[in-house]
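> Okay, predicted coordinates and the sequence, questions at the end:
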Amino acid sequence: MYDKQVRRRRAILALLVGLSLILLTAYFGESIGGPLKTIQRGMLEVFSPIQEGASRALKPFKDLTNWVGDTFDAKDRATRLQKERDALRKQVIGADQARQENVQLKRMVNLNANQDLALSTYKPVTGRVVARSPSLWFTTITVDVGSSDGVHNNQPVVDGAGLVGKVTDVTSDAAIVTLITDHSSGVSSTVQRLNDSGILQTATGNPNDLLLQFLPPKSNVKVGETVVTSGTKSSRLDSLFPPGIPIGTVTKADPEELNLYQRVHVKPFADLRRLDFVQVLTRPHARAVVAKAGNTTP
Amino acid sequence: MNAPPTINVSLIVRLVILGLVAVIVQITAISQISLLGVSADLTPLIVASVGLLAGSVPGAVMGFAMGLFVDTALVQTLGIDSLLLTGIGYGAGRLREARDPSHTLVPIAIGAAATAISQIGYALIQFLLGVDAPVSFLLVREILFTIAVNTVLALPIYALVRRVVAPALPEDPRRRRARRASSVAGGISPLSQPKAPRRRRRRRLRVI
């Protein structure tokens, strides 16, 4: 009888481990429209209203716990913010002067300052973050807007501070957003002052340290400079992100590292651990604009 | 001759509800709360607690089901969480069956070990599957902090799981023996003895 119990127990373990391995292998080799991914999308559709309800119900508890944590950090943050404010005040004075010059120069070359073709094609759709992956490896969030709101795969996602990520899976009323700190993410970015471009990737395990890679080796990047999306456009490959979305500031620019690995370290503007609301930049008029651009191109 | 194993419907229902609620609370709230810069992960703690309380087979099945649910709800690679949590549930259950540890602090040690297996195992599987980005050494710090946060939460989570699961479990022989001994010898603890009725003090009137 004991032997039978042992055999039964081991058989169940072997069955479960075998099933897990089969699922892992099948999922890994499956295309985007495969049956397992379709089932996942169906489950997401079923559970997204429950997740949304639970997220709303548990928000006071979440806020309370985060408030306790914030209180401990408040003093350090206040000092840091005062320093930042002083630095920004100086920048604003300089920027005001530059803007006035810019308006005058644009008038001189007959450019319309309001015609920002890249961003005018996007319509932001605001969504609430209803779920988040607990794993250190899959930095994804679930938002409560989906294809019925005009959200599609690969659309950029931002919050008030800057770039957050891109949509990687959509159902009718929910979408999975892969954050820029996910190991599979790569964003074409530019150091704003120098216009030096590279690819922004994460250093897995450290969400506050992104790596701007493949910069020119003799680039003169300095700490504190702003990194934005480059939004490169070519006839073959169109960047997913429009140009000029702020991403973060350079926190470490070691000349040796720049020479050897052609990279600098960037801290994202967005607090990716605490996202309550995000905006998906949908493109309702994309076709019309592309057609218009096609007509004007010689 | 022993009776064939029967299916405990009450236990299954309780485990299903526990698993569903735990995963939803985890992904909608706990994952968004930052403690020491990391988020707690309740799933290995719950699976290990179920293994410790109910045995290896319920622990393994609970681990597989919870892992599958987490991966499905978050549209992650299927099978990774199931594989790890199945091992954690089975291991915790075997520990109970083979050693039957009774110390109060056992759930803390098991919770820490379960979290370590979950976090390190996840990292290893990711490395095997291929990582597109460079990996920071701070990942080690994040893993250690997650283990620390989960270790603090292990005892309350174990108590919660025991509260949910215990009424549906077959009676524990050790507890039954202890109760029998207490009824024969007059109780193992003075606190468990029935209280004697209080005597009312008579007030004496003082004559001044």
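In hand now; what should we look at?

> residues contacting the closest residue to chain B within chain A?
When scored by C-beta to the nearest C-beta, chain A has A:G205 as its residue closest to chain B, at 2.5 Å. In this view, the C-beta of every residue, glycine as well, is placed from N, C-alpha and C. The neighbours of A:G205, taking C-beta atoms under 8 Å, 6 or more residues apart in numbering or on different chains as the test, are A:136, B:135-142.

> what does A:Q51 give?
Counted by C-beta under 8 Å, 6+ apart, A:Q51 has contacts A:130-131, A:142, A:174, B:24, B:27-28, B:73.

> Check which helix or strand it maps to.
helix A:35-57 (DSSP states H and E).

> Following the chain past that helix, name the next helix or strand.
Helix A:35-57 is succeeded, C-terminally, by helix A:59-108 (DSSP H and E).

> Briefly note if that next one comes near chain B.
Yes. Helix A:59-108 lies within reach of chain B by C-beta under 8 Å from any C-beta of the partner chain, at A:59, A:61-62, A:65-66, A:69.

> Report all helices and strands that that helix contacts.
Of the remaining helices and strands, none touches helix A:59-108 by 3 or more C-beta pairs under 8 Å, 6 or more residues apart in numbering or on different chains; DSSP states H and E.

> quick one: that helix to helix A:35-57, angle?
Relative orientation of helix A:59-108 versus helix A:35-57 (axes from the mean of the first three to the mean of the last three C-alpha atoms, to 10 degrees): 100 degrees.

> what comes up buried for stretch B:105-116?
B:106-108, B:110-116 (16 or more other C-beta atoms under 10 Å in any protein chain shown).

> which of those residues lies closest to chain A?
Distances from chain A to the buried residues of stretch B:105-116, taken by C-beta to the nearest C-beta, are shortest for B:T115, at 11.1 Å.

> related to what we said a few turns ago, for the contacts of A:Q51, which single residue is the most surrounded?
Among the contacts of A:Q51, A:A131 has the most neighbours (other C-beta atoms under 10 Å in any protein chain shown), with 30 neighbours.

> ok, now which ones touch the residue nearest to the residue of chain A closest to chain B when sequence neighbours are not counted?
Among residues not flanking A:G205 along the chain, B:L139 sits closest, at 2.5 Å (C-beta to C-beta, 6 or more residues apart in numbering or on different chains). Neighbouring residues of B:L139 by C-beta under 8 Å, 6+ apart: A:136, A:204-206, B:123.

> Checking B:L139 next. Helix, strand or coil?
Per DSSP: H, G, I helix; E, B strand; the rest coil, the local secondary structure of B:L139 is helix.

> Test for you: state the pLDDT assigned to it.
pLDDT recorded at B:L139 is 81.

> any idea how far A:W137 is from it?
Distance, B:L139 to A:W137, using C-beta to C-beta, to the nearest Å: 9 Å.

> now A:G165
On the measure of C-beta to C-beta, A:G165 and A:W137 end up 15 Å apart.

> One more: B:I24?
Counting by C-beta to C-beta - B:I24 and A:W137 are separated by 21 Å.

> Quickly list what's touching both of B:L139 and A:W137.
A:204, B:123.

> Give me the below-cutoff pLDDT ranges for chain B.
Along chain B, the parts satisfying pLDDT under 70 run over B:1-7, B:133, B:171-208.

> Any idea which residue of it lies closest to chain A?
Closest point on chain B to chain A, by C-beta to the nearest C-beta, is B:L139, at 2.5 Å.

> Most neighbours among the residues of helix A:59-108 next to chain B, which one?
Most surrounded of the residues of helix A:59-108 next to chain B: other C-beta under 10 Å gives A:K62, at 18 neighbours.

> Let me see the confidence value for that residue.
For A:K62, pLDDT reads 77.

> Grab the nearest non-local neighbour of it.
B:A29 (5.0 Å).

> Around the one you found, how many other residues sit close by?
B:A29, neighbours per other C-beta under 10 Å, totals 20.

> Surely A:G224 touches A:G248?
No. Applying C-beta atoms under 8 Å as the test, A:G224 and A:G248 come out as separate, 11.0 Å apart.

> Work out which residue lies at the spatial centre of chain B.
The residue lying closest to the centre of chain B (C-alpha atoms, centre = their mean) is B:S49, at 2.0 Å.

> tell me the phi and psi of the residue of chain A closest to chain B?
phi 100, psi -10 (degrees, to the nearest 10).

> likewise A:L179?
phi -70, psi 160.

> so what's it up against?
A:L179 is in contact with A:139-141, A:164-165, A:185, A:272, counting by C-beta under 8 Å, 6+ apart.

> 6 Å instead, please
Contact analysis of A:L179 by C-beta atoms under 6 Å, 6 or more residues apart in numbering or on different chains lists A:139, A:165, A:272.

> would a markdown table of these with distance to A:N259, neighbour count and pLDDT be doable?
Putting the contacts of A:L179 into a markdown table (distance: C-beta to C-beta, whole Å; neighbours: other C-beta atoms under 10 Å in any protein chain shown; pLDDT from 0 to 100) gives the following:
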| residue | distance to A:N259 | neighbour count | pLDDT |
| --- | --- | --- | --- |
| A:T139 | 30 | 23 | 81 |
| A:G165 | 31 | 26 | 91 |
| A:L272 | 30 | 21 | 81 |
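
> now the helices for chain A?
For chain A, applying DSSP state H gives helices covering A:2-28, A:35-57, A:59-108, A:117-120, A:255-261, A:286-296.

> deepest of the ones you listed, which one?
Comparing these by mean neighbour count (mean count of other C-beta atoms under 10 Å in any protein chain shown), helix A:35-57 ranks first with a mean of 17.

> where does chain B come near chain A, residue by residue?
Neighbours of chain A within chain B, by C-beta under 6 Å from any C-beta of the partner chain: B:2, B:24, B:26-29, B:31-34, B:39, B:41, B:56-57, B:60, B:64, B:72-79, B:82-83, B:86, B:90, B:126, B:131-136, B:138-139, B:142.

> Adjacent strands (with direction) for the lengthiest strand in chain A?
Scanning chain A for the longest strand, with DSSP state E as the assignment, gives strand A:123-132. Using DSSP bridges, strand A:123-132 pairs in its sheet with strand A:140-143 (antiparallel), strand A:277-282 (antiparallel).

> Among these, show me which one is buried the most.
strand A:140-143 (a mean of 26).

> State the helix or strand in which B:I12 lies.
With DSSP H and E as the criterion, B:I12 is inside helix B:9-28.

> Which one, of the strands paired with strand A:123-132, ends up nearest to A:L81?
strand A:277-282 (21.6 Å; C-beta to C-beta).

> Name the residues that touch that closest one?
Against strand A:277-282 from outside (C-beta under 6 Å, 6+ apart): A:122-128, A:150-151, A:155-159, A:164.

> What subset of the residues of chain B next to chain A is buried?
Among the residues of chain B next to chain A, those buried by neighbour count (16+ other C-beta under 10 Å) are B:24, B:26-29, B:31-34, B:39, B:41, B:56-57, B:60, B:64, B:72-79, B:82-83, B:86, B:90, B:126, B:133, B:135-136, B:138-139, B:142.

> looking at it, B:Q119 is touching B:I143, isn't it?
Yes. Contact criterion C-beta atoms under 6 Å: B:Q119 and B:I143 qualify, at 4.5 Å.

> Please say which of these two ends up with more neighbours.
Taking neighbours as other C-beta under 10 Å, B:Q119 and B:I143 compare with B:Q119 leading, 25 against 20.
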